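Engineer: Quick one, what's the 3D model for this:
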Amino acid sequence: MTTKFQNLVSFAAINSNACFFETFASINCWRNIYERAASDYECRAVIHFFFPTLIAHSISIISLPLTLLAFDEKGSSIPSPMQQQSLTTDFELSQIVLVPTSDWDATSLGLGNRYDVYDGQQRLVTLNLLLAALRDSFQSEADSTVGGGKRAVALAATAKEISSMLKPTKVRKEDVLRITLRKRDNVLLEKILSPQNESTDEEKEEQAISMGTAGETPTAYLSKLTPKERNELLSPLSLANARIFENFLHISDRLSLLSTRERLRMLDYIVERVHFLVCIPETSRIARNIVMSQGRKGMDNEPIDDFKGLVCFRYTLEEKDMYQTFDRWDALAAEPTIGAIGETLQSSEQTTTPVGRDIISAACLLRSSAALRTKIRGGGADEVYEWERWLRHVLWLQNQRLAEEQETTDGGPIQASWQGKDFFSKEIEPSSLALYHFRTGNWDEFNFLAVKSKKADEQSRNIRVRVQLNFLRDMIASAGSAKEAEILALELLLRAQEHAAAGDDALLFRYLDEFLPLIERWSLWMALSRPSPMQRHARVFAILDAMEHNDSMGSVGHSSGYDDMETLKECMNNYKFGATASGKRLAVAILNRMNAYLMMKDGKEIPLDQESAVDAILPEKIPKGSDWDQNWTEEHHEEWIHCLGNLASISKTGARGGRRGGKKGVDSTSWEAKVNIYKKEAWPLTRELTDLDVWNVDAVIDRQKLLVSLLELIWKK
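Structural biologist: Prediction:
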């Protein structure tokens with residue numbers, strides 16, 4: 001074991017370019033590690049967190065030793081042969097992944113290294129908290145022992161031994177904690193692991209007697225805080241501090257149930273039997289790939305969190321700006337059900353609507369794909385490098401623009417260069433909010449739709465745009481082959497908001513009146529024809545180029561014949577909408593768009609907020625001897641059952657209302673029963689069905705032709 005650890009330290013401190021496969025080693029926890037490192041190598045391997053650690057309340061490390069001890073009614077332990085045997089069994093805390101950093105000051109700290117933790121943050125911090133709680137319990141017992149004596153001396157020596165594990169001291173070098181968080185999140189952890197008490201023994205005794213705190217450790221006051229005092233302590237601190245505070249109190253409370261002997265046995269078990277498997281790869285990319293490939297559970301770290309660190313810290317200069325950007329990102333990434341809409345951030349004095357981490361990640365994928373004109377896959381670790389390329393690209397463009405403006409001002413005031421904080425404010429935050437409002441249908445949050453105009457043409461445009469955006473949202477959610485259309489939708493929304501804010505109605509109306517219908521038509525083509533990803537991205541990038549250079553719609557719309565009207569008609573006639581769940585959702589989107597078009601044409605109010613479902617007019621299964629059985633042959637049934645003409649959009653309330661006995665849906669009822677349901681619907685294409693006496697092959701064919709003609713009317717070039 002000693003040899004393995006020495007090899008590990010030698011590699012970590014000296015030979016950082018070695019192959020990372022040589023860095024796997026099983027090492028004894030804390031005392032063996034730190035004492036050997038300090039005495040043999042003078043190594044102070046400090047763990048430094050690049051990202052905040054949010055520790056869970058379920059502390060796995062403490063559950064192992066405590067569950068090995070049973071208690072009787074008086075609280076005395078009842079050891080059993082199985083428990084005795086388990087305390088002699090090694091326990092591995094799985095693998096931790098560390099990456100050496102370059103900010104170790106050997107002059108003041110000695111030989112060693114500093115590491116970023118890519119896996120194992122919760123285990124390392126929790127184990128430190130457990131050792132700190134053990135230290136305080138032994139020290140408190142030593143201070144409160146009446147008359148002192150050998151027992152008090154032994155307990156104090158044990159507490160000092162644990163303290164040296166957490167923060168070893170040296171004569172010629174600076175003391176340094178073994179583990180630290182970022183400065184803002186490290187406030188309570190530093191106080192717990194290294195309680196400051198510079199008084200002499202006589203001064204400490206006098207202070208303890210005067211304050212009535214004899215026998216208490218410097219951290220004992222934490223457990224005696226009133227709810228008000230606790231709130232005053234934690235309110236200005238970060239969430240990580242609160243989690244550390246609660247977990248330390250929880251551990252201390254559990255340790256108070258154990259006797260001195262049981263706590264000593266626990267300490268020996270941790271020191272002698274608990275092991276880590278340590279991996280120190282050469283680069284952060286290798287570390288991230290290792291963690292992602294193993295599907296680590298309990299580590300809530302996604303690629304977007306790595307990008308968050310880059311934006312907030314690496315590409316932002318001032319520390320104050322770093323933490324303000326970080327706070328704003330956290331508020332934006334909060335789940336919408338947790339944070340209140342318009343929650344005020346004290347640190348940045350700005351209002352932020354929480355959208356969730358997944359929305360931010362999706363927005364970064366969409367915007368980086370648009371900016372770089374390349375397909376970026378999500379769900380892995382490589383998108384972080386594409387996002388950083390996007391970040392650097394935007395910063396370069398903006399700083400070039402600022403430099404050119406500076407030259408034209410003839411020595412005017414120098415403008416501050418773009419940093420990560422500006423990138424968040426101008427790119428990530430607006431994109432995330434726009435995507436969130438798009439996916440949730442909060443159209444009033446867009447400035448170009450929120451204004452209530454009294455002019456008839458502007459009111460008509462407002463309603464039409466809402467209908468079009470509803471259709472785009474529903475289609476993207478329904479058809480996987482149309483998901484790239486969200487790149488275009490987000491780009492259009494951001495540009496429309498920008499021109500609306502600038503009062504540039506000409507460009508705003510061009511996006512809404514020309515680009516939006518084009519995006520609709522091309523998205524419909526992608527959903528129905530299901531082209532290859534290469535074809536889809538080529539089409540998306542062509543429209544993006546047109547937006548960028550204000551090309552004419554004629555050249556863009558006729559760049560290829562894939563999305564011409566005849567192709568769309570053929571695809572609609574051949575598509576089996578009713579065969580799959582996604583096809584049915586796509587049918588609802590198309591039918592609702594057609595219904596809205598007819599209602600706008602007649603000047604009727606459109607139920608935009610209505611949740612709709614699709615109903616197969618001709619049942620998928622025809623009961624023997626029914627009217628359906630008399631009007632339909634098996635061949636015709638198979639040919640027309642899944643076409644769009646055989647589907648009707650109805651409200652979900654109507655769909656539930658048509659059930660019989662809670663077992664059969666609307667599509668199993670008779671034609672007369674369906675007519676009674678369709679009469680209550682708001683959609684005109686559904687209500688028109690009630691004028692028919694029978695639903696047969698001719699009726700389906702006529703309705704299919706009607707829908708195809710509407711396709712041409714709505715999406716004509």
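Engineer: Where does the closest residue to Trp329 other than its chain neighbours fall, secondary structure wise?
Structural biologist: Leaving out its chain neighbours, the residue that sits closest to Trp329 by Cβ to Cβ, 6 or more residues apart in numbering is Lys308, at 5.6 Å. (Glycine included, C-beta is placed from N, CA and C.) Using DSSP states H and E, Lys308 falls within helix 303-309.
Engineer: how about the helix or strand just after that helix as CSV, C-alpha atoms only?
Structural biologist: With elements assigned by DSSP H and E, the helix or strand that comes after helix 303-309 is helix 319-333. In CSV, the C-alpha atoms belonging to helix 319-333 read as follows (Å, rounded to 0.1, in the frame of the first residue of the first chain):
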residue,chain,number,x,y,z
GLU,A,319,-13.9,38.8,-9.4
LYS,A,320,-17.0,40.8,-8.7
ASP,A,321,-18.3,40.3,-12.2
MET,A,322,-17.5,36.6,-12.0
TYR,A,323,-19.8,36.0,-9.1
GLN,A,324,-22.5,38.3,-10.3
THR,A,325,-22.6,36.4,-13.6
PHE,A,326,-22.5,33.2,-11.7
ASP,A,327,-25.5,34.3,-9.5
ARG,A,328,-27.5,35.3,-12.6
TRP,A,329,-26.7,32.0,-14.3
ASP,A,330,-27.9,30.1,-11.2
ALA,A,331,-31.1,32.1,-11.0
LEU,A,332,-31.7,31.5,-14.7
ALA,A,333,-31.0,27.8,-14.3
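Engineer: what about helix 319-333, average pLDDT?
Structural biologist: Helix 319-333 carries an average pLDDT of 88.
Engineer: Compute the distance from the centre of that helix to the centre of its chain.
Structural biologist: Offset of helix 319-333 from its chain centre (Cα atoms, centre = their mean, to the nearest Å): 15 Å.
Engineer: by contact count, what packs against it?
Structural biologist: Here helix 319-333 touches helix 303-309, strand 351-352, helix 357-372, helix 420-423, helix 429-440, going by 3 or more Cβ pairs under 8 Å, 6 or more residues apart in numbering; DSSP states H and E.
Engineer: What residues sit buried inside that helix?
Structural biologist: By neighbour count with 16 or more other Cβ atoms under 10 Å, helix 319-333 contains the buried residues 321-333.
Engineer: Which parts of the stretch 201-350 of the chain are helices?
Structural biologist: 201-211, 227-234, 239-255, 260-273, 284-293, 303-309, 319-333 (DSSP state H, counting those that start in this stretch).
Engineer: buried stuff in the second one?
Structural biologist: In this case it means helix 227-234. Buried residues in helix 227-234 (16+ other Cβ under 10 Å): Arg230, Leu233, Leu234.
Engineer: show me what contacts the first one?
Structural biologist: Contacts for Arg230 (Cβ atoms under 8 Å, 6 or more residues apart in numbering) come out as Phe245.
Engineer: Also the last one?
Structural biologist: Going by Cβ under 8 Å, 6+ apart, Leu234 touches Asn241, Ala242, Phe245.
Engineer: what do you get for Leu237?
Structural biologist: Val187, Leu188.
Engineer: Compute the distance between it and Leu492, please.
Structural biologist: Separation of Leu237 from Leu492 (Cβ to Cβ, to the nearest Å) stands at 42 Å.
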